[in-house]
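J.: Take a look and give me a structure for this.
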Amino acid sequence: TAAMAVSLGRRFLCLRATMPPPIRRSLSGYAAHSSGLRMRTLKETEQPGWRNTPVEEGQAVRIDYTAFVVDPAADAHSAEDAGKEVETRTISFRCGSGRVMKALDMGVIGMRVGDRRRVRAPHTHAYGREGKPPLIEPFSEVIFDITLTGAVHHMHIEVLDSQSEDDNSRIDLSPYVGKASSVIASTRKLVQSWLSKRD
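T.: Numbering: from 1, shown residues only. As a prediction, the model looks like this:
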């Protein structure tokens, strides 16, 4: 019986060591999301244009993001987040495709080009159980500061001016989209013609 108690105690300690740390549920300044994410707006866009509409699932977007690992000792009720910067990147993806971390995939929904948003994510929506050693430990809660710098809206490309973020002027690349569409259509016809002759 003593040996069984020791064995059970060891199993309990091993199980605790592999369990993720608890996610804080009450955070000042954040809006809870049904996905498990917590979000708050850092800056709303000043970029004009009726085509600069909120991003929806299925749209192609480009973002700049910086990731911070949350300090477990930080005040859970503080509006200011404590943590160390671990990664800064620019990426492009299609919303809802599942090809990027859920925090980014879901975090950009509803943003407009020029918006800045802070997304606080559990490990399941960030770097997972394994983390990204040596900078990101397993089961780490992560904060993403996201700026939406480009989005495709019904064959119109809305981008943030790269010269000056404060200026936020709009660059309309829709003529280039139209030319690309015509090239794609012509190429498709050529391929279909080639395949029909081959048959």
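J.: Before we move on, what's the pLDDT of the closest residue to His123 other than its chain neighbours?
T.: With C-beta to C-beta, 6 or more residues apart in numbering as the criterion, His123 has its nearest non-adjacent residue at 4.5 Å, and that residue is Phe139. In short, each C-beta sits where N, CA and C put it, glycine included. In this model, Phe139 is scored at 92, pLDDT.
J.: All the strands of this structure, residue numbers only.
T.: 31-32, 38-43, 60-70, 83-94, 116-121, 142-153, 156-159 (DSSP state E).
J.: so who does Val55 touch?
T.: Val55 makes contacts with 61, 95, 108-112, 148, 151, as judged by C-beta atoms under 8 Å, 6 or more residues apart in numbering.
J.: I meant to write Glu56 there.
T.: Glu56 makes contact with 95, 109 under the criterion C-beta under 8 Å, 6+ apart.
J.: Check what pLDDT it gets.
T.: For Glu56, the pLDDT comes out at 92.
J.: how many other residues sit next to the nearest residue in space to Gln59 that is not next to it in sequence?
T.: Spatially, and ignoring its direct neighbours in sequence, Gln59 is nearest to Cys95 (5.4 Å; C-beta to C-beta, 6+ apart). For Cys95, the count of nearby residues is 20 (other C-beta atoms under 10 Å).
J.: And the one 3 residues further on, by the same measure?
T.: By the other C-beta under 10 Å criterion, the neighbourhood of Gly98 contains 9 residues.
J.: mind listing the helices for this structure?
T.: 2-18, 102-107, 174-198 (DSSP state H).
J.: Average pLDDT for the longest one, rounded please.
T.: When pLDDT is averaged along helix 174-198, the result is 58.
J.: roughly how far apart are the residue nearest to Gln59 and Pro48?
T.: Applying C-beta to C-beta, to the nearest Å, the value for Cys95 to Pro48 is 23 Å.
J.: Check Ile136 too.
T.: In terms of C-beta to C-beta, Ile136 sits 38 Å off from Pro48.
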